[in-house]
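S.K.: whatever this is, show me its structure:
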Amino acid sequence: MTPFGQKLRELRAARGLSLKSMANEIGVSAAYLSALEHGRRGSPAWYLVQRIISYFNIIWDDAEELEKLAQMSNPRVVLDTSGLKSEVTALANRLPKIIPYLSVEDITEINAVISARLRAIGK
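M.R.: Sure thing, here's the model as predicted:
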């Protein structure tokens, strides 16, 4: 499941909506909506995110959060490390092998370290 898919499912469940009824309202198939929720589809197009925001009547910060979740919800990531240090390439090659074995707590901790480092360098 992707971050966007999880949030979408939470929004839909909180309102007691079926996949089919929501899909009909936003103009996609129930199969596509299910694939988005389960992470079998990549990041949704901008216009679809906007339809979902409108459908749920999401405003300001929550809409921005949903847009960010959509941007970081591609389940098939490709990294180009050409021209970077060998340590970068080694890490990029290691991640797909170890991620399935890390706990949610491990991932949360790693994300916190990365976020703190990015804030420290102004990114």
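
S.K.: how far away is the residue most central in space within the chain from Ala120?
M.R.: The centre of the chain sits closest to Ser73, judged by Cα atoms, centre = their mean, with a distance of 2.5 Å. Here Ser73 is placed at a distance of 26 Å from Ala120 (Cβ to Cβ, to the nearest Å). Heads up, the C-betas are built off the backbone N, CA and C, glycines and all.

S.K.: for Ala30, same thing?
M.R.: From Ala30 across to Ala120, the span is 44 Å (Cβ to Cβ).

S.K.: more neighbours, these two?
M.R.: Ala30 (14 against 8; other Cβ atoms under 10 Å).

S.K.: which residues touch the helix or strand harbouring Asp106?
M.R.: For Asp106, the host element (DSSP states H and E) is helix 104-120. Residues from elsewhere that reach helix 104-120, judged by Cβ atoms under 8 Å, 6 or more residues apart in numbering: 99, 102.

S.K.: now with 7 Å?
M.R.: The contact list for helix 104-120 (Cβ atoms under 7 Å, 6 or more residues apart in numbering) is empty.

S.K.: ok, stretch 38-49 next?
M.R.: Residues contacting stretch 38-49 (Cβ under 7 Å, 6+ apart): 1-2, 4-5, 32, 35-36, 66-67, 70-71, 73-76.

S.K.: just the buried ones from those residues, in ChimeraX syntax?
M.R.: Filtering the contacts of stretch 38-49 down to the buried ones (16 or more other Cβ atoms under 10 Å) takes a single ChimeraX command:
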select :2,4,5,32,36,66,67,70,73
